[in-house]
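> I need the structure of the sequence given here:
(chains A and B)
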Protein chains: 2
Amino acid sequence: MAKANCSVFTFLLATFMMFNYCAAYSALEDARIISEYKRYLRTTDHAAVARSLVHKTNWASVGSISTNDKIADYPMVNIISVDDSAVDGTSTGRIHFLLTDLDFTGPDWKHINKVTFLFSDDQTLNCKNHGLDPMEPTCPRTIISGKVKQLDKNDKNYNDWLQAFTVRHPAAKSWIKAHSFYLCELEIENIFVLDFYGGPHNVAVSDYYNAKPN
Amino acid sequence: MAKANCSVFTFLLATFMMFNYCAAYSALEDARIISEYKRYLRTTDHAAVARSLVHKTNWASVGSISTNDKIADYPMVNIISVDDSAVDGTSTGRIHFLLTDLDFTGPDWKHINKVTFLFSDDQTLNCKNHGLDPMEPTCPRTIISGKVKQLDKNDKNYNDWLQAFTVRHPAAKSWIKAHSFYLCELEIENIFVLDFYGGPHNVAVSDYYNAKPN
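Okay, the predicted model is just below:
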């Protein structure tokens, strides 16, 4: 994927949005918020922000195009437990999750394989605990879109992935026993990060995987 | 909207899903989780569960159909601050939020006015603090779909709605000053509640508004 940060269009858009956001949130007038923000978010590396959020949050709000009769073609949003850990617990950035076709997300991705994962720092109450409204740009979030890939049980790493997942989500040991759940990975196509005033940043997928979480 | 709980199809589906979920999660074997669940969720009234989640969470994960060039037609999921309070702070169930067309959700709903709001009890860490995985059916969630309605500034209640919102979200006082934000309400069309094993419940909109949060 091209690094959109380099494009003139994105630069102009960011500048435009920065102006508007600054006006919108009266950002620079609020020294307390800036100070709080700098204290707990110790990076301006947007790829690292995305990696940190993915690693520290335990779940994502997952959007799909609904196949449910009640809301066909509407966006569905479901809560999905996630994990990006290697078997030793370190972050890999690879977003793993268990789905079942008995839930909403399973049938949806099999019909239209376009999904988006939202990770917000307020899922750990980090924003609330620092006096930041969850919708303020200074409450970091990343919005990661792509396709669901069902992982091959014969892959030599499959058992490690599953073990890492159940360390993080012990309840999943019961889910797996039922055989209706299958382990998946998000094939990432697009990453937005919003972690300060100035509008969202588009992070290249390679930068995301090369970054280290804080 | 018809009460889907009354339909034979829904009954059969719920029975089928109950059987599968019970197997999937080994639910009834785990006395601790059941006990914890009953202790902190003091109702089996699914409409009341939805009202409680809407009132106590401070934000929703909002799905829309994306108009962003990077992920056109993908589901977008954004974090949106919400409030359902009357001016005295009591719950009304009416979901109010401020949008700006400088963010993702604003342009999306104006293009295709179909949105879904996810509210999970883990947003307050209530599930985590009771040892419940966020994806377990016993971690209550409600998924509410509908259309965005931009509220009329000349409505006699407008200032009360705005005041109630800023009591809950003081940062919004700055947003409003910028004039790019507009107050909206979700016109609810469909409500799913998942608060125990047995699959999701479809709650009638009238039952939701008539219920009282716990």
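
> how about the contacts made by residue A:140?
A:41, A:49, A:53, A:120-121, A:127, A:193-195 (Cβ atoms under 8 Å, 6 or more residues apart in numbering or on different chains). C-beta coordinates here come from the backbone N, C-alpha and C atoms, glycine included.

> in its sheet, what does whichever strand in chain A runs longest sit against?
Using DSSP state E, we find that the single longest strand of chain A is strand A:181-194. With DSSP bridges as the test, strand A:181-194 is paired with strand A:91-100 (antiparallel), strand A:141-150 (antiparallel), strand A:201-203 (antiparallel).

> give me whichever of the ones you listed is most buried.
By mean neighbour count, with neighbours taken as mean count of other Cβ atoms under 10 Å in any protein chain shown, strand A:201-203 ranks first of those at a mean of 23.

> for the record, mean pLDDT for it?
Averaged over strand A:201-203, pLDDT sits at 97.

> what's around the nearest residue to residue A:162 once chain neighbours are set aside, how many residues?
Spatial nearest neighbour of residue A:162, chain neighbours left out: residue A:183 (5.9 Å); criterion: Cβ to Cβ, 6 or more residues apart in numbering or on different chains. Using other Cβ atoms under 10 Å in any protein chain shown, residue A:183 has 21 neighbouring residues.

> isn't residue A:183 up against residue A:157?
No: with contact defined as Cβ atoms under 8 Å, residue A:183 does not reach residue A:157; the gap is 10.7 Å.

> how much space between residue A:211 and residue B:129?
31 Å (Cβ to Cβ, to the nearest Å).

> so those two - more neighbours on which side?
Of the pair residue A:211 and residue B:129, residue A:211 is the one with more neighbours under other Cβ under 10 Å, namely 20 against 12.

> tell me which residues touch that one, please.
So residue A:211 contacts A:45, A:47-48, A:50-51, A:93 (Cβ under 8 Å, 6+ apart).

> can you check residue A:110 too?
Counted by Cβ under 8 Å, 6+ apart, residue A:110 has contacts residue A:101.

> how about it, phi and psi?
phi -70, psi -20 (degrees, to the nearest 10).

> how far away from the center of its chain is stretch A:200-214?
11 Å (Cα atoms, centre = their mean, to the nearest Å).

> quick one: end-to-end distance for that stretch.
End-to-end distance for stretch A:200-214: 20 Å, by Cα to Cα, to the nearest Å.

> list the buried residues for stretch A:100-111?
A:100, A:102-109 (16 or more other Cβ atoms under 10 Å in any protein chain shown).

> what's the farthest-apart pair in these?
Pairwise distances across the buried residues of stretch A:100-111 (Cβ to Cβ) peak at 13.8 Å, for the pair A:102 and A:109.

> that older thread, gap between the residue nearest to residue A:162 and chain B?
Here residue A:183 is placed at a distance of 13 Å from chain B (Cβ to the nearest Cβ, to the nearest Å).

> try residue A:159
20 Å.

> got it, and residue A:212?
As judged by Cβ to the nearest Cβ, residue A:212 and chain B stand 25 Å apart.

> cool, residue A:107 as well?
In terms of Cβ to the nearest Cβ, residue A:107 sits 13 Å off from chain B.

> go ahead and confirm that residue touches residue A:101.
Yes: taking Cβ under 8 Å as the contact criterion, residue A:107 and residue A:101 are neighbours in contact, 5.5 Å apart.

> spell out the secondary structure type for residue A:214.
Assigned by DSSP: H, G, I helix; E, B strand; the rest coil, the conformation of residue A:214 is coil.

> what's the neighbour count on it?
Residue A:214 has 15 nearby residues by other Cβ under 10 Å.
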